[in-house]
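*Asks:* Below is the sequence, then the predicted model.
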Amino acid sequence: MSFTFADYQTSADYLRGQLKGFVPKVAMVLGSGLGYLAEKVEDPIAVPFYAIPYFRRSTAPGHAGRLVFGKLDGQNVAVMQGRFHHYEGYSFEDVTFPIRVLRLLGAETLIVTNAAGCVNESWQAGDLMLIGDHIKLTLDSPLCGPNLPEFGPRFPDSSYNYTPALRKLAHEVAQEQGIPMREGVYLYLPGPQYETPAEIRAARILGADAVGMSTVPEVIVARHCGMQVLGVTLLTNMAAGILDQPLTEEEVLTAAQEGKEKFSGLVRGCLEKM
């Protein structure tokens, strides 16, 4: 189905009723195993996805499936504790629906995070990577279908999907905190199967440094509706074919748990300085 502007308004109106005047300025999408940051929100108002009109249910491991509103490091935030994925059987419109709703609620900035496989052989699992650009090879787009001019133009520019000023800020925060920070290109593939070694070799030739199954659809929609974007990847494993071992979701979640201190320190440091 194609959602109408009225559908987005319906969801936003429902959430306004729960928020009682609270207006989020920064939206955050927390990926696999990274949802613990939502537990740090002060005076939280938590709304499960299933209670919100037109929202889907999050079924991926490590995704709690709720929105948490409140204060975090001086900012009014709306935190998606988990996200939707195309591989769950949802359309790209379903996957990105919450982003437009959060924009209608007042969010001006999107901080999007994910756990991903490391394609760059000179890096290692456990590194943080700032997303400087992305590659999307899937034929479909969350902007296919009728354009909603209330959000943005028919043909949005993609030159600066990841806001340069926010990337500069993230590098400054990482340096202050002594956190090694990579910056690279994220390749989006829909999954749910992990990539083959041949696909990873192709990704490296194309210029990708990391590969994952999320983030890019949300970023496309966020930029379409005028949001500033900061993207951070936790490299949880070396991608297929680099090491002689199979890939597992347990490995991803374990690495996310081990990297949570530096990840949360970086994101919270950025919030404090925004």
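*Replies:* Yep, that arrived.
*Asks:* what about the residue positioned nearest the centre of the chain, which SS state?
*Replies:* Among the residues of the chain, the one closest to the centroid is V112, at 3.1 Å (C-alpha atoms, centre = their mean). Here V112 is recorded as strand under DSSP: H, G, I helix; E, B strand; the rest coil.
*Asks:* Contacts for stretch 39-50 next, please.
*Replies:* With contact meaning C-beta atoms under 8 Å, 6 or more residues apart in numbering, stretch 39-50 is reached by 15, 18-19, 22, 38, 55-58, 65-72, 77, 79, 82, 264, 268. C-beta here means a position set from N, CA and C on the backbone, and glycine is covered the same way.
*Asks:* now do stretch 16-24
*Replies:* With contacts defined as C-beta under 8 Å, 6+ apart, stretch 16-24 is touched by I45, V47, F69, G70, N76, V77, A78, L102, L105, G106, A107.
*Asks:* Pull the contacting residues for the fourth one.
*Replies:* So the one you mean is G70. Here G70 is in contact with F22, V41, E42, D43, P44, I45, N76, V77 (C-beta under 8 Å, 6+ apart).
*Asks:* in its sheet, what does whichever strand or helix holds V229 sit against?
*Replies:* Using DSSP states H and E, V229 sits within strand 228-238. With DSSP bridges as the test, strand 228-238 is paired with strand 109-118 (parallel), strand 128-136 (antiparallel).
*Asks:* can you list contacts of the shortest one?
*Replies:* By that I understand strand 128-136. By C-beta under 8 Å, 6+ apart, strand 128-136 touches 116, 123, 161-162, 167, 170-171, 174, 179-188, 203, 206-210, 215-216, 219-220, 231-235, 259, 262-263, 266.
*Asks:* In helices only, show me these.
*Replies:* Residues of the contacts of strand 128-136 located in helices (DSSP state H): R167, A170, H171, A174, A203, L206, V216, V219, I220, K262, F263, L266.
*Asks:* Now flag whichever of those is closest to F5.
*Replies:* Proximity of the ones in helices among the contacts of strand 128-136 to F5 was ranked by C-beta to C-beta; the top entry is I220 with 17.9 Å.
*Asks:* How about that closest one: what's its closest non-neighbour residue?
*Replies:* Using C-beta to C-beta, 6 or more residues apart in numbering and skipping residues adjacent in sequence, the residue nearest I220 is P142, 5.6 Å away.
*Asks:* okay, the one you found: pLDDT?
*Replies:* For P142, the pLDDT comes out at 94.
*Asks:* Pretty sure it sits against F97.
*Replies:* No. The criterion here is C-beta atoms under 8 Å, and P142 misses it with F97 at 9.1 Å.
*Asks:* ok, back up a step: which of the contacts of stretch 39-50 are buried? Put it as a ChimeraX command.
*Replies:* ChimeraX command restricting those to the buried ones, with burial defined by 16 or more other C-beta atoms under 10 Å:
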select :15,19,22,38,55,56,58,65,66,67,68,69,70,72,77,79,82,268
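*Asks:* Give me the subset of the contacts of stretch 39-50 lying in helices.
*Replies:* L15, Q18, L19, S264, R268.
*Asks:* Please consider this matter closed, and thank you.
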